[in-house]
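Q: I'll drop the sequence and a predicted model, then ask my questions.
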Amino acid sequence: MTYIENEIASQPDMWRRAAALVTDTATSAGLPRSGERVALVGCGTSLFMAQTCAVLRESLGRGETDAFAASDFPRGRRYDRVIGITRSGTTTEVVQLLEAIGQSQPTTVVTTQHDLPVERFATHTVHLDFADEVSVVQTRFATSVLALWRAHLGVDLEPVILDAYRALAAEVPEEWLECREYTFLGSGWATGIAYEAALKVREASQSWTESYSAMEFRHGPISVLDQRSLAFFFGDVPEGLLAQVEATGAATVVSDLDPMAQLVIAQRLAAAVALHRGLNPDEPRNLTRSIILSEHV
């Protein structure tokens, strides 16, 4: 098996371990209290997890929560806490942002290993070292961040973990591997999950993928679909949209699984399409495990 396949399969255990961290004093000190005004930042996959976490927190009434690409953070805006997500701990934009904020407001970095560059600039660090990965393509670190966040918000993860086992056992049909285009649609907090699913399939298999908020898909993007497309829904499907998508001839995926568990199926699809095309899903072209920009960028 490839590294990514093993890392995908390990996620139920990773989620339990992440959820258990909410009772750890050092971890809880870095997570926001109810009512705090919070911003989450990241790049790539971490940005999509930040967006997902932000919508989840606000939807549960825990306080105003924004999400930004680290490079686009509004430097003049004040938050009670800024949370940076970075698997490597070396992502240039996250490191530079936390360095710029300094001690002017509380900051937390969620990362993997200890003693990483970004820790020098954060007031708190949450370590998910058990969820680190060998593959360039992120899977279990990202979902473990989400598991930690959901547990912190009081969500019972056991039903989600059971759904993850179902997702690992589900068939990835052969016809999915032959599609020319993959579209991922999400509603509410699952919109960020849809963005992440599209990125996984795109980077691992060099496929044409798109992702949208489900309600926005009618407003033009639906034109990309045909009988060679696969449309994958996360969360609630807006009334009438499924019929519209099916009318294009595209294959559709609708599930009663929790969106976080549905992402596991999309991850498996990404690896399967890559292998079907003779690619190494652990080492996508033009990508490295950590994006470190030169001083002149």
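A: On my side now, so go ahead. A quick note: this is a predicted structure, and the numbers were derived from the prediction, not measured.

Q: quick one, strands of this protein?
A: Along the chain, counting by DSSP state E, strands occupy 38-42, 65-69, 81-85, 107-111, 124-127, 181-186, 208-213, 229-234, 251-253.

Q: of all those, which one is nearest E171?
A: With Cβ to Cβ as the measure, strand 251-253 is the member of the strands of the chain nearest E171 (11.5 Å). Where you see a C-beta, it was placed from the backbone N, CA and C, and this is true even at glycine.

Q: and the closest one, what does it pack against?
A: strand 229-234, helix 241-247 (3 or more Cβ pairs under 8 Å, 6 or more residues apart in numbering; DSSP states H and E).

Q: what lines up beside it in the sheet?
A: strand 229-234 (parallel) (DSSP bridges).

Q: export the partner strand as CSV, just CAs?
A: What follows is strand 229-234, C-alpha atoms only, in CSV (Å, rounded to 0.1, in the frame of the first residue of the first chain):
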residue,chain,number,x,y,z
SER,A,229,-18.6,13.8,-14.7
LEU,A,230,-19.0,12.7,-11.1
ALA,A,231,-20.9,15.1,-8.7
PHE,A,232,-20.2,14.4,-5.1
PHE,A,233,-22.5,16.0,-2.4
PHE,A,234,-21.5,16.7,1.2
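
Q: mind checking which of the helices and strands packed on strand 251-253 is nearest P281?
A: Once those are compared by Cβ to Cβ, strand 229-234 is nearest, at 17.6 Å.

Q: so which residue is dead centre in this protein?
A: Against the mean C-alpha coordinate of the chain, by Cα atoms, centre = their mean, the closest residue is M49 at 3.9 Å.

Q: distance-wise, check that one relative to V145.
A: 5 Å (Cβ to Cβ, to the nearest Å).

Q: anything in contact with each of the two?
A: With contacts defined as Cβ atoms under 8 Å, 6 or more residues apart in numbering, the residues shared by M49 and V145 are I85.

Q: which parts of stretch 24-34 are buried?
A: T27, G30, L31, P32 (16 or more other Cβ atoms under 10 Å).

Q: so which of these comes closest to V95?
A: Looking across these and measuring by Cβ to Cβ, the closest to V95 is G30, at 17.0 Å.

Q: residues contacting F184?
A: So F184 contacts A194, Y195, A197, A198, V201, T209, E210, S211, Y212, F232, F234, A266 (Cβ under 8 Å, 6+ apart).

Q: in helices only, show me the buried residues of stretch 24-34.
A: T27 (DSSP state H).

Q: looking at the buried residues of stretch 24-34, which is nearest L98?
A: For the buried residues of stretch 24-34, the residue nearest L98 by Cβ to Cβ is G30; the value is 12.6 Å.

Q: for the protein, identify the residue most remote from the centre.
A: Outermost residue of the chain (Cα atoms, centre = their mean): A247, 29.8 Å.

Q: how much space between the residue nearest to the centre of the chain and R228?
A: 30 Å.

Q: thought G84 was touching P106?
A: No. If you go by Cβ atoms under 8 Å, G84 and P106 don't touch, sitting 11.9 Å apart.

Q: neighbour count for those two, which is higher?
A: Per other Cβ atoms under 10 Å, whichever of G84 and P106 has more neighbours is G84, with 30 against 19.

Q: ok so, going back, so which of the helices and strands packed on strand 251-253 is the most packed in?
A: Stretch with highest mean neighbour count among the helices and strands packed on strand 251-253: strand 229-234 (a mean of 25; mean count of other Cβ atoms under 10 Å).
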